[in-house]
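Engineer: Okay, here's the prediction I keep looking at, along with the sequence it came from:
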Amino acid sequence: MSKVTQRERLQHSTARTLAALFGSIPVAIAVGVALTAVLPLPLGPRYLIGIYSVFPVWTAACTGAFLARSGRHAWLALLATSAGAAILAIIGFGLR
Amino acid sequence: MLKLRPRTFQIYWDAHAWAGVVGSFLLYVMFFMGAFALFYQELNLWADPEGVQTSPPARAKSALPELQPLLLQLDREQHMLGKDRVAFMPEPSGLRAYWHEGDEHHEFRYAATTQRLEPLRSELGSFLYEMHYLGPIPKGIYVAGVASMALFLALVSGVLIHLKDLVRQWFVFRPERVARTWSSDMHKVLGVFGLPYQLFYAWSGAVLCLSFILVEPVFVAAAFGGDERAARAVRGDTGNAPEPTGVSTGVLPDLDALVARARREVPNLSPHWVGIEHVGDTGSSVTVYGDVPGVSFGSADVLFRAGDGAVLGVNGPHASAFTRFEAWFYGLHYARFGGYGIRWLYALLALATCAVIFTGNLVWLERRDSRRAHAANRWLERATAGWCAGLPLATAAMFLSNRVLPATLAALATVEQAVFWVVWGSSLVPPFVWRSSRRVAGVELLLASTALAAAVGIELCTRGHSLTDPLQRGVSGGLLALALGCGAGGVRLLRPRPAPHRPGSRASGGQLLPAD
């Protein structure tokens, strides 16, 4: 298989790489804050889990985004996850 | 075991390779210096002309002398009122102190013979420790945080691509095979062996370097409405240090009385950091921080108002789940357990990780461009050789300069650090000038070995306590072991290689990995 064919099969693109590396940062922070908001625990442990989960979640989001079909798909998925986590956090903090 | 689909496997392969090669240079420095950072207190003492003349009993006696006379001595000689921070650090290897104002930072050590604080002439240990988090370069700590994230990504993608045969990689090492194979084997064996260690350091490194600037402000804003005090209270931090007012009282606190009071507040407290913030200000505070024996990673601190000695907060070893988790998290990162055995193990794992990083770059070169057809890959090969072999050489030159330069030299620390930078910078050049980067790396490693052995030799010949003092023996032994390791690496790289066997291959003995 030629390199060009292989590259097409893998759908590598700058947009997807940027999404995976940088778009995953707000996702990780939003998910961490959402965990702090919604976990059924006292505030201390919730805060602890939320804040220390950010970098593992970043890695998970990043590796996940690399599998997207294109940069657009990756950005959309990350934006949707960020928005979902942010809404969850707002609801979670609002209900407490 | 889980086998990835070909497309997924190839994407993670690329992510692993790119994250590894992009972060490799910085991560190599961070792990190499991490091995020294574990012993920075001992190295500071080994390197200090006054320290090496202090006998072990005198040093043990100096671990916690009365602090007030030392504070008054500093105040007489350098006017402590108005300084941002003055701190005393009783350590098993002796007492250190420093004061800090703006960009100005001065360190001292307690001389048991004179019972005074003397300026620390060499900061060798502290410099190597700061290099661990890239402290000496501007904004280096953030760069180190980004490198830790790159490591995290490289490790997770590496695990994913080897999920199908992760256990097998643990045992497959074929040193008799061609260089491409054994280097790939070494990359995987040491990578799998050190995986828990590397994963933890990637995580804790990212948290230590980036969390306070990237993550915590968002959490404080979102979860606590921007109230930092509320966030600190949830973390278990009960005391709030007063803000400086700019109004001076002109009075220094009584440190020994406050240390005694802290020991009453937290029984068994063994202080290892006593600091005054905003010295002489009406908003000045004193913190006594220390270990609590008998509790795993047990630490506690007591916060006082400096003016009247009122207790503002006590954080005991069992303050909260948050405090306990962080005590474990940072305790594991800084190897605050298990004594010297664990620290030697950590140092060994750090150097093994350097080998993983180095062989990772070699695997990149061999798998992607074994003929070095692309200029970027030729550059990568040469830079890897100069960077990775040059760093041990520069460190060794720093140790040697410490022993060769006159002990009375006032600017000893500055000269040592200049030697480090000049030697490392010079080491980067030869691989780009000579054809064989492999041989250049070999020569640089042999030079590093010679310099380290010479530093230890001078130490043994000139210093009184070299063989009787466990601290001097330990440092010298560690440096000798490193000298042997560098020597073995240098000999291996300089050993002639058989001619290439692969039909059509034009790889030569000049490559880091000839296709033998």
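Structural biologist: Everything's here; your move. Only a predicted model underlies this, so the values are computations on that prediction, with no experimental measurement involved. Numbers count the residues shown, from 1 in each chain, chains lettered A, B, ... in the order given.
Engineer: show me where pLDDT drops low in the chain?
Structural biologist: With no chain named, the answer covers chain A. A:1-10 (pLDDT under 70).
Engineer: please go with chain B instead
Structural biologist: B:1, B:49-64, B:92-93, B:464-466, B:497-516.
Engineer: Which strands and helices lie in contact with the strand or helix carrying B:Gly125?
Structural biologist: Assigned by DSSP states H and E, B:Gly125 belongs to helix B:124-132. Where contact means 3 or more Cβ pairs under 8 Å, 6 or more residues apart in numbering or on different chains; DSSP states H and E, helix B:124-132 is packed against helix B:6-37, helix B:40-47, helix B:375-404, helix B:412-428. (C-beta placed from N, C-alpha, C; glycine too.)
Engineer: Quickly check: the third one near chain A or not.
Structural biologist: This points to helix B:375-404. No - applying Cβ under 8 Å from any Cβ of the partner chain, one finds helix B:375-404 separated from chain A by no less than 14.5 Å.
Engineer: Tell me the helices and strands packed up against that helix.
Structural biologist: Using 3+ Cβ pairs under 8 Å, 6+ apart: helix B:375-404 touches helix B:6-37, helix B:124-132, helix B:339-369, helix B:412-428, helix B:430-433, helix B:437-462, helix B:470-494.
Engineer: May I see the ones you listed organised as JSON lines, with mean neighbour count added?
Structural biologist: Shown next, in JSON lines, are the helices and strands packed on helix B:375-404 (neighbours: other Cβ atoms under 10 Å in any protein chain shown):
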{"stretch": "helix B:6-37", "mean neighbour count": "21"}
{"stretch": "helix B:124-132", "mean neighbour count": "23"}
{"stretch": "helix B:339-369", "mean neighbour count": "19"}
{"stretch": "helix B:412-428", "mean neighbour count": "18"}
{"stretch": "helix B:430-433", "mean neighbour count": "18"}
{"stretch": "helix B:437-462", "mean neighbour count": "21"}
{"stretch": "helix B:470-494", "mean neighbour count": "18"}
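Engineer: Columns distance to B:Gly290 on top of these, output as JSON lines?
Structural biologist: Compiled in JSON lines, those are given as follows (distance: least, Cβ to Cβ, whole Å):
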{"stretch": "helix B:6-37", "distance to B:Gly290": "21"}
{"stretch": "helix B:124-132", "distance to B:Gly290": "20"}
{"stretch": "helix B:339-369", "distance to B:Gly290": "18"}
{"stretch": "helix B:412-428", "distance to B:Gly290": "28"}
{"stretch": "helix B:430-433", "distance to B:Gly290": "48"}
{"stretch": "helix B:437-462", "distance to B:Gly290": "32"}
{"stretch": "helix B:470-494", "distance to B:Gly290": "21"}
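Engineer: Out of the ones you listed, the one nearest B:Pro242 is which?
Structural biologist: helix B:124-132 (29.5 Å; Cβ to Cβ).
Engineer: Leaving out sequence neighbours, find the closest residue to the residue in the stretch 351-500 of chain B that chain A sits nearest to.
Structural biologist: Here the stretch 351-500 of chain B gets closest to chain A at one residue, B:Arg368, 10.3 Å apart by Cβ to the nearest Cβ. What sits nearest to B:Arg368 in space, not counting adjacent residues and going by Cβ to Cβ, 6 or more residues apart in numbering or on different chains, is B:Asn377, at 6.9 Å.
Engineer: residue contacts, that neighbour?
Structural biologist: B:365, B:368-369 (Cβ atoms under 8 Å, 6 or more residues apart in numbering or on different chains).
Engineer: What's the local residue count around B:Tyr133?
Structural biologist: 23 (other Cβ atoms under 10 Å in any protein chain shown).
Engineer: quick one, helices of chain A?
Structural biologist: Ranges of helices in chain A, per DSSP state H, are A:3-10, A:14-18, A:24-38, A:43-52, A:54-65, A:71-95.
Engineer: would you list those helices in CSV and tack on mean neighbour count?
Structural biologist: Shown next, in CSV, are those (neighbours: other Cβ under 10 Å):
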stretch, mean neighbour count
helix A:3-10, 11
helix A:14-18, 16
helix A:24-38, 24
helix A:43-52, 21
helix A:54-65, 22
helix A:71-95, 17
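Engineer: any idea which element whichever residue of the stretch 251-400 of chain B sits closest to chain A lies in?
Structural biologist: Nearest residue of the stretch 251-400 of chain B to chain A (Cβ to the nearest Cβ) works out as B:Phe322 at 4.8 Å. Assigned by DSSP H and E, B:Phe322 falls within helix B:321-333.
Engineer: Likewise for B:Asp185?
Structural biologist: Residue-wise, B:Asp185 maps onto helix B:179-193 under DSSP H and E.
Engineer: Can I get the following helix or strand past that helix in PDB, CA atoms only?
Structural biologist: For helix B:179-193, the following helix or strand on the C-terminal side (DSSP H and E) is helix B:195-206. Presented in PDB, the C-alpha positions along helix B:195-206 are these (Å, rounded to 0.1, in the frame of the first residue of the first chain):
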ATOM      1  CA  LEU B 195       4.700   1.600  32.800                       C
ATOM      2  CA  PRO B 196       3.100   2.200  36.200                       C
ATOM      3  CA  TYR B 197       5.900   4.500  37.200                       C
ATOM      4  CA  GLN B 198       5.800   6.400  33.900                       C
ATOM      5  CA  LEU B 199       2.000   6.700  33.900                       C
ATOM      6  CA  PHE B 200       2.000   8.100  37.500                       C
ATOM      7  CA  TYR B 201       4.800  10.600  36.600                       C
ATOM      8  CA  ALA B 202       2.900  11.700  33.500                       C
ATOM      9  CA  TRP B 203      -0.200  12.300  35.500                       C
ATOM     10  CA  SER B 204       1.400  13.800  38.600                       C
ATOM     11  CA  GLY B 205       3.800  15.900  36.500                       C
ATOM     12  CA  ALA B 206       1.000  17.400  34.500                       C
END
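Engineer: Contacts for helix B:195-206 next, please.
Structural biologist: A:55-56, B:30-31, B:34, B:133, B:144-145, B:147-149, B:151-152, B:155, B:159, B:191, B:329-330, B:332-333, B:346, B:349, B:353, B:356.
Engineer: cutoff 6 Å now
Structural biologist: Applying Cβ atoms under 6 Å, 6 or more residues apart in numbering or on different chains, the external contacts of helix B:195-206 come out as A:55, B:145, B:148-149, B:151-152, B:155, B:333, B:349, B:353.
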